[in-house]
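Visitor: next come a sequence and a model predicted from it.
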Amino acid sequence: MLTGANARLLVEYGSEEQIRTWGVPQIEGRFFGTMCLSEPQAGSSLADIQTQAKQEGRDEYGQRFRIKGNKMWISGGDHEMGENIVHLVLAKAADANGEQQPGINGISLFIVPKILPDGMRNDLAVAGLNHKMGYRGTVNCLLNFGENDGAIGWLVGQPGQGLQIMFQMMNEARIMVGLGAAALACRGYNQSLDYARERPQGRQVAGVKDPSSPQVPIIEHADVKRMLMTQKALAEGAMALVLYSAKLADEVRTASDGSERQNADALLKLLTPITKSWPSEFGLVANDYAIQIHGGYGYTREYDVEQIYRDNRLNSIHEGTFGIQGLDFLGRKILADDGVAFGLLDAEICRTIARARNWFQLSKYADVLEEHLTDGRSSITELKAKKGDPNVLDNAGLALSAFGHLVVAWLWLDQALCAHKLEDSRSTLRDSKLAACRYFFECELPKVTLQFRLLRNMNDAASSVPLNLFCN
C-alpha cells in the first residue's frame, strides 16, 4: 500500500531524476516506501511537528537538505526485504528569507532514503519498535533522523507545499485502509459462515426437544442467522463502498470528458473520509460477531477470527481516526463546501431510487431511502445555518456514521437492482443479495433517524460535560 502510493507521489511531483532514482525501483519491487508524518509529541496534529530541514546545496537529485528529528508510527520503517527504503518525510524548513513559517505553511516534503545513491547508509536509525495489538506481520518503528550530522534528504516539489503534496498519498492510503477493513470483514464473515455450517450444537427451540435426536448446525438458530446477516450486510456493503471509490479514482484520470473527471474528483473527495472510516468502524462490528459465532473457540488463537479482529482494530485509528475523519467530512466536505459535491451524490442516489421504483420488490426500499435522504438534506441545511456556532462540529462523528449508512444503503439498493436481473441459474446469488439488502434497510438504516435528529439539534450530552465530572 505505502510503496505504491509513495511511487505514485514521486511520479506526480518528483523531478525526472528523483523518479528514476527512487520511484521506478519501487514500481519494479526492488525498493520499498514509507510515509513519515507523525511524531511522538504530534500524532495527527501535523502543524506541531518539530523535525527540521536545513538546506545545504543542490545536486543532480535536487535541493539537498539535512534532516533532524523523530518520526513515530512508521509502518515498514526498517527491514531487509528490499534493496532500499524510501522515506517520504515531512519537516519544517526555512523559507527563502531564512525565516521559519508557523503551522503547516512551513512544512515541506523530502525524500530521505535509507541507502544513499552512493551506497552509503544515511544518518537515520530505528530508535524503537512499537509492539502492536495486531498487524504483526508489518514492523512499526520510531525513527531518529540525524543522530550525527543529519540525514540527507531531497526536496519534493516546492518549499512549503509538503502537506499539500502529501495529501495525495494520504488520501490514497485512506482508501486502501478502507479496503483492508472491508476485506477483513469479508474474511471474518466467510470464516464464521463456514464454522456455523459445520458446528453442531443444540436443537430447534420450536416443538418438543428429543435429546436422542441429532444436534443441528448452529446456522439453523435464529440468533446466529442474525449475526451472519449483520456481517454480510456490513462487510459486502463496505466492499461496495470501497469499489465505488476506486471506480471514481480511475475516472479522475481516465474519463474522456473534463467535466466527468471534475465530478468524479469532487465525489471522491466527499466520500474519502467515509470510505476510510465506515468500513473500519463497522467492519470491526462484523468481526466481533465472527468471534461470537465461534463461541469460546473464537476467543482462542486456534481460529483466525481472533487475529482478524485484532488486525482490523487498527483501521479506525491510523490514517486519521474516526473522529478526525468526521471533522473533515462535516467541516470541510459539507459545511465549508458550496454544496456541489453533495449535490452530485444526491443526484446519483436519486437516479438509483428512480430505477428501483420500476421493480415492485424494491420500490419500498426506494421510498425508505428517499425518506432518509431528505432527512440528510435537511440536516445539512440546518447545520449550514448554524455554522457560525463554535459547537457545530461537536457531533461530526455522528454525521460520518449517518451519511455512511445512507451511502451504503444506496449501494445496497444498487446491488439489489443488479441482482434482481440475474437469471434463475444464478438464483442463489440473486436471493442472497436481495436478502442482505432487505436486512440492511430494515435493521441497519433506521439507526440514522436518531443520528440525524441529534445532529440537527446539536446535541451536547457529551460536549457540555465539565471536565471535572470525568472522574473515577
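Guide: Okay, I see it.
Visitor: avg pLDDT for the helix or strand where residue 372 lies?
Guide: Assessed by DSSP states H and E, residue 372 sits inside helix 360-385. The predicted model assigns helix 360-385 a mean pLDDT of 96.
Visitor: can you list the buried residues in the helix or strand that it is followed by?
Guide: Later in the chain than helix 360-385, the nearest helix or strand by DSSP H and E is helix 396-420. Under the neighbour-count criterion of 16 or more other CB atoms under 10 Å, helix 396-420 has 396-417, 419-420 buried. Just so you know, the C-beta spots here come from the backbone N, C-alpha and C atoms, and that holds for glycine as well.
Visitor: packing partners of helix 396-420?
Guide: Applying 3 or more CB pairs under 8 Å, 6 or more residues apart in numbering; DSSP states H and E, we find helix 396-420 packed against helix 222-254, helix 258-294, helix 322-327, helix 340-356, helix 360-385, helix 427-439, helix 447-456.
Visitor: flag every buried residue along the third one.
Guide: What it means is helix 322-327. Neighbour counts over helix 322-327 (16+ other CB under 10 Å) mark 322, 324, 325, 326, 327 as buried.
Visitor: pLDDT value on the fourth one, please?
Guide: Listed pLDDT for residue 326 reads 96.
Visitor: and it, how far from residue 73?
Guide: For residue 326, the distance to residue 73 (CB to CB, to the nearest Å) stands at 21 Å.
Visitor: and if you look at the last one?
Guide: For residue 327, the distance to residue 73 under the criterion CB to CB works out to 20 Å.
Visitor: and residue 23, how many neighbours?
Guide: Applying other CB atoms under 10 Å, we find 23 residues neighbouring residue 23.
Visitor: my guess is it contacts residue 12, does it?
Guide: No - counting by CB atoms under 8 Å, residue 23 sits too far from residue 12 to count as a contact (9.6 Å).
Visitor: same question for the lengthiest strand in the chain, mean pLDDT?
Guide: For the chain, the strand with the greatest residue count under DSSP state E is strand 62-75. The pLDDT scores in strand 62-75 average 95.
Visitor: which secondary structure elements does it sit against?
Guide: strand 31-36, strand 52-59, strand 84-93, strand 107-113, strand 140-145, strand 151-156.
Visitor: show me the contacts for the closest residue to residue 88 other than its chain neighbours.
Guide: Excluding the flanking residues, the one nearest residue 88 by CB to CB, 6 or more residues apart in numbering is residue 35, at 5.3 Å. Listed by CB atoms under 8 Å, 6 or more residues apart in numbering, the contact set of residue 35 reads 2, 5, 6, 74, 88, 166, 169, 170, 173.
Visitor: can you give me the buried ones in stretch 253-264?
Guide: By neighbour count on 16+ other CB under 10 Å, the buried set for stretch 253-264 is 255, 263, 264.
Visitor: quick one: end-to-end length of it, please.
Guide: End-to-end distance of stretch 253-264 (CA to CA, to the nearest Å): 9 Å.
Visitor: poorly predicted segments of the protein, please.
Guide: By pLDDT under 70, the weakly predicted segments of the chain are 95-99, 206-208.
Visitor: roughly how far does the residue nearest to the spatial centre of it sit from residue 232?
Guide: The centroid of the chain falls nearest to residue 276 when counting by CA atoms, centre = their mean (1.8 Å). Per CB to CB, residue 276 is found 22 Å from residue 232.
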